[in-house]
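Peer 1: Pasting the sequence and the predicted coordinates here, then a few questions.
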Amino acid sequence: MEILVSIIIPVYNGEKFLKETIESCLNQTFVDKIEIIIIDDCSKDDSIQVIKELSSQYIRFVQNDINLGLMKTNNKAVEMARGKYLLFLGHDDILVPNHVEIMFNELNDNTAILHCNSNLINENNKIFGRGVNDIKQRYRNYFIKYYLSLGNVIHSTGALVSHKHLKLVNGWDETYKNYGEWLLWCKLMAVGEIKYTTSVRALYRKHATNITNTFTKPEVQRELHQYALLCKKEGIKNIHNALGRWLVNTINKYRENKVK
């Protein structure tokens, strides 16, 4: 069976919503071209039992011997993955049944990231909002190098990442244990195209145990500040490189026209 997309689900204490997340992957219209890699990072709840109860030919399950954190766990899954494209999914988020098929059909060989919008859902699966404004997000994506030098404007839920391009940037940066999306996007935009689609929306769950709820803690804020500086530095480097390439191309064209 040819695997086109590897859905990667890192799990840590995710038992409450994990069943729905996994079932949304198993119910994909594209399921015969999908593998689901689930890695448990030493959960202290019954996450492992939930995973085992949903055993399937499409699921590959691994347990970490020690708690590695999100970035190292993601990289471990990347090494296992056989798909041409990767979808990193939170253990509490949901994909609509045709999500992967729609996204895959909008890719090209130069696509490093294809990202989409999200509907926000609560603990009872009720939609109460949207992740971003589509018009604003299309505009941001047109000037993505600039906007990623300011902040993380890409929603990762439901995004497809090229396995080939991810290897080019040496995977997820493991400098910070549980933060890495923004930095990864900055590195990927230097080696491939970033595309945005409005054809489908993922379901991003907001609830009391989201990791973002810890961002107000002083020690976490200090770490996030250092992380943001690193990401902005990477983003600015991409802008400088792009301007440099534009300048060289402009000079070369001028010289060619002058010779003619």
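Peer 2: Noted; the coordinates are in hand. Note that the structure is predicted; figures quoted are calculated from it, not measured. Numbering: from 1, shown residues only.
Peer 1: When you work out contacts or count neighbours from here on, use the C-alpha atoms and nothing else.
Peer 2: Noted.
Peer 1: how about low-confidence regions in the stretch 151-260 of the chain?
Peer 2: Under the criterion of pLDDT under 70, the regions of the stretch 151-260 of the chain flagged as low confidence span 209-216, 244-249, 251-256, 258-260.
Peer 1: which residues in it form strands?
Peer 2: Assigned by DSSP state E, counting those that start in this stretch, the strands in the stretch 151-260 of the chain fall at 160-162, 193-205.
Peer 1: With distance to Val153 and mean neighbour count added, can I get those in JSON lines?
Peer 2: Output for these, formatted as JSON lines (distance: least, C-alpha to C-alpha, whole Å; neighbours: other C-alpha atoms under 10 Å):
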{"stretch": "strand 160-162", "distance to Val153": "16", "mean neighbour count": "25"}
{"stretch": "strand 193-205", "distance to Val153": "11", "mean neighbour count": "20"}
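Peer 1: what's the closest of these to Cys116?
Peer 2: strand 193-205 (5.2 Å; C-alpha to C-alpha).
Peer 1: what about stretch 91-105, start to end distance?
Peer 2: With C-alpha to C-alpha, to the nearest Å as the measure, the ends of stretch 91-105 fall 25 Å from one another.
Peer 1: quick one: it to chain centroid distance?
Peer 2: 13 Å (C-alpha atoms, centre = their mean, to the nearest Å).
Peer 1: Stretch 45-55 too?
Peer 2: Relative to its parent chain, stretch 45-55 has a centroid offset of 24 Å by C-alpha atoms, centre = their mean.
Peer 1: Repeat that for stretch 10-18.
Peer 2: From the chain centre to the centre of stretch 10-18 is a distance of 18 Å (C-alpha atoms, centre = their mean).
Peer 1: Next, the buried residues of it.
Peer 2: Taking 16 or more other C-alpha atoms under 10 Å as the basis for neighbour counts, the residues of stretch 10-18 that come out buried are 10-15, 17-18.
Peer 1: So which of the residues you listed belong to strands?
Peer 2: Applying DSSP state E to the buried residues of stretch 10-18, the entries found in strands are 10-11.
Peer 1: Spit out the contact partners of the spatially most central residue of the chain.
Peer 2: Taking C-alpha atoms, centre = their mean, the centroid of the chain lies closest to Ser156, which sits 3.8 Å from it. Counting by C-alpha atoms under 8 Å, 6 or more residues apart in numbering, Ser156 makes contact with 88, 115, 181.
Peer 1: what do you get for Leu26?
Peer 2: Leu26 makes contact with Tyr58 under the criterion C-alpha under 8 Å, 6+ apart.
Peer 1: Ok, Ser118 next?
Peer 2: Remark: with contacts taken as C-alpha under 8 Å, 6+ apart, Ser118 is in contact with 130-132, 155, 157-158, 201-204.
Peer 1: Dihedrals phi and psi, it?
Peer 2: Main-chain dihedrals, Ser118, degrees, to the nearest 10: phi -130, psi 140.
Peer 1: and the gap between it and Ala190?
Peer 2: Applying C-alpha to C-alpha, one obtains 25 Å for the distance of Ser118 from Ala190.
Peer 1: now swap in Met71 and tell me
Peer 2: 20 Å.
Peer 1: Ok, Tyr58 next?
Peer 2: 33 Å.
Peer 1: Compare those two (neighbour count), which wins?
Peer 2: The neighbour comparison of Tyr58 against Ala190 (other C-alpha atoms under 10 Å) goes to Ala190, with 20 against 16.
Peer 1: Report the rounded mean pLDDT for stretch 111-119.
Peer 2: The pLDDT scores in stretch 111-119 average 97.
Peer 1: Report how many residues lie close to the nearest residue to Ala81 once chain neighbours are set aside.
Peer 2: Taking C-alpha to C-alpha, 6 or more residues apart in numbering as the measure, Ala81 lies nearest to Ser6, with 6.0 Å between them; neighbours along the chain are not counted. Using other C-alpha under 10 Å, Ser6 is surrounded by 26 other residues.
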